[in-house]
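**Q** Using only what follows, build the 3D model:
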Amino acid sequence: MDSGYSLIRLMEPEPTPTRISMREIAARLSVSHVTVSMALRDSPRVSAATREKIKQVAAELGYRPDPMLNALAAYRNSKSASGIHSAVAWINAWVRPDELRGYKEFDLYWKGASECAAKFGYRLEEFRLDKEMPLPRLHKIFQARSIRGILLPPHGSVQPAWHDFPWDDYSVVRFGRSLKFPPAHLVTADQLTNTFIAVSKMRARGYRRIGLITFETDLDPRGPHFTAGFLSARELLKDEKSFPIFRIEEPVTAEVIARFRLWMKQEEPDALLSTVEQKILLRGSGYRVPDDIPVAVTSILDGGADSGMDQHPEEIGRAAFLLLNSEINDGARGIPKIFRQILVEGSWVDGTSLPDRRML
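**A** Numbering: from 1, shown residues only. Take a look at the predicted model:
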């Protein structure tokens, strides 16, 4: 009897602890509950010292946010148009800034992030880093306007010299891997999986000797991920033919074109999967698409062909802002100790540049 009674007692749920309210924290510090609410949300309207004191007392009392109230607040916000109450920064550090959003993928990063930011009451604002806007001035502007979040779009080959920028004052999220510093959390296309999907779809359309055109690995950090996806597909799909990957340097010179012609003659691929804009390379080599060689690309927006992968760049932009917003709300600043990356999987799109060989 005693053991049975003990078992029943062990199975009974623990009593729910009394939830500490913001008003109790406010009473302890002799401030208003509104001040407590703003401090716990890292509002710049509350001084840093007061925010830290309130957070300390909240932790000592065991305060935990009420998830049901948070869900209700989110529901109410979604039903009403949010007023713009702050800005988040998009820093364009390209040598020729207009080139950044000349890429369709990157322009849709902006669109997805901007539209998502507006739902949360933020405005995404571009800041171009140049002689008229040096880093010290940029930091002063951010501080004066209480800008706490920064999105860093993909970058060109010339890396910005901004190691001395006070990154610890900001929540930061990168797009892609081309920007090597700061090593903040990132959101990008799942290049490895997308390449695997593309090879699978090409094989399903009757192609067997699929060649890959990709970046020179030492020059572009994107190269290894595309290469890894291609090699994984070749291995897991038990491709009976194995041939080299053609690595391209930019710009496309006469030497590159000559090397490509030789590669095509030696390897005789029946289709190409390209991670780069390949029109100049193929036209310079005398190949017509798809008459001479069918082509698929890992980005149908910027790859120069209409068969291949839609990388869902608007969703990448949306995911980047959601990650940034969570960092802002969590009070996470600077370079993270534990690195996170969010990968967005793409979708295959049929087009004219890669006819279905089974139908020919």
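
**Q** quick one, strands of the stretch 151-300 of the chain?
**A** Using DSSP state E, counting those that start in this stretch, the strands of the stretch 151-300 of the chain run over 171-175, 185-189, 210-215, 246-248, 271-274, 295-297.

**Q** helices or strands up against the third one?
**A** To tie it back to what came earlier, the one meant is strand 210-215. Packing partners of strand 210-215 (3 or more Cβ pairs under 8 Å, 6 or more residues apart in numbering; DSSP states H and E): helix 191-204, helix 223-236, strand 246-248, helix 254-267, strand 271-274. In this view, the C-beta of every residue, glycine as well, is placed from N, C-alpha and C.

**Q** what's it in contact with?
**A** Counting by Cβ atoms under 8 Å, 6 or more residues apart in numbering, the neighbours of strand 210-215 from elsewhere in the structure are 195, 199, 202-203, 222-223, 226-227, 230, 239, 243, 245-248, 263-264, 267, 269-276, 278, 281.

**Q** mind listing what that strand pairs with, with the direction of each?
**A** On the basis of DSSP bridges, the sheet neighbours of strand 210-215 come out as strand 246-248 (parallel), strand 271-274 (parallel).

**Q** Off-centre distance for it?
**A** On the basis of Cα atoms, centre = their mean, to the nearest Å, strand 210-215 sits 24 Å off its chain's mean C-alpha point.

**Q** How about stretch 269-285?
**A** With Cα atoms, centre = their mean as the basis, stretch 269-285 stands 27 Å off its chain's centre.

**Q** how does this protein divide into domains?
**A** With domains defined by automatic domain parsing, the chain comprises 2-62, 86-189+314-345, 191-311+348-359.

**Q** Among those domains, show the one with the smallest mean pLDDT.
**A** For these, the weakest mean pLDDT is recorded on domain 2-62, namely a mean of 75.

**Q** Nearest residue to residue 37 in space, please, no chain neighbours.
**A** The shortest distance from residue 37 to any non-neighbouring residue, by Cβ to Cβ, 6 or more residues apart in numbering, is to residue 22 (5.7 Å).

**Q** do the same with residue 344
**A** Nearest residue to residue 344 in three dimensions, chain neighbours excluded: residue 316, at 4.9 Å (Cβ to Cβ, 6+ apart).

**Q** Could you dump the domains of the chain into JSON lines and include mean neighbour count?
**A** What follows is these, written out as JSON lines (neighbours: other Cβ atoms under 10 Å):
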{"stretch": "domain 2-62", "mean neighbour count": "13"}
{"stretch": "domain 86-189+314-345", "mean neighbour count": "17"}
{"stretch": "domain 191-311+348-359", "mean neighbour count": "18"}
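
**Q** ok, residues contacting whichever strand or helix holds residue 143?
**A** Using DSSP states H and E, residue 143 falls within helix 135-144. Applying Cβ under 8 Å, 6+ apart, the external contacts of helix 135-144 come out as 89, 91, 127, 129, 147, 150, 162, 164-166, 169-170.

**Q** one more time with 6 Å, if that's ok
**A** 162, 165 (Cβ atoms under 6 Å, 6 or more residues apart in numbering).

**Q** do the same with stretch 282-294
**A** Surrounding stretch 282-294, the residues in contact under the criterion Cβ under 6 Å, 6+ apart are 257, 260-261, 271-272, 295, 353-355.

**Q** would you turn the residues you listed into TSV with distance to residue 37?
**A** Formatted as TSV, those follow (distance: Cβ to Cβ, whole Å):
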residue	distance to residue 37
257	64
260	62
261	67
271	59
272	58
295	56
353	55
354	56
355	61
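
**Q** and the two most separated of those residues?
**A** 257 and 355 (25.1 Å; Cβ to Cβ).

**Q** Let me see the contact set for residue 351.
**A** Residue 351 sits in contact with 306-307, where contact means Cβ under 6 Å, 6+ apart.

**Q** and it, that's in a helix?
**A** No: following the definition DSSP: H, G, I helix; E, B strand; the rest coil, residue 351 is coil and is not counted among the residues of a helix.

**Q** Can you show me the helices along this protein?
**A** The residue ranges that make up the helices of the chain, judged by DSSP state H, are 2-11, 22-29, 33-40, 48-61, 67-79, 104-119, 135-144, 191-204, 223-236, 254-267, 279-285, 313-330.

**Q** Of the ones you listed, which is nearest residue 155?
**A** When the helices of the chain are compared by Cβ to Cβ, helix 104-119 sits nearest residue 155, at 10.2 Å.

**Q** got a list of contacts for the closest one?
**A** Residues outside helix 104-119 that contact it (Cβ under 6 Å, 6+ apart): 88, 100-101, 124, 153, 175, 299, 301-302, 313-314, 316-318, 320-321.

**Q** Give me the distance between the residue nearest to residue 344 and residue 191.
**A** Using Cβ to Cβ, to the nearest Å, one obtains 12 Å as the distance from residue 316 to residue 191.

**Q** got it, and residue 180?
**A** From residue 180 to residue 191 the distance is 17 Å (Cβ to Cβ).
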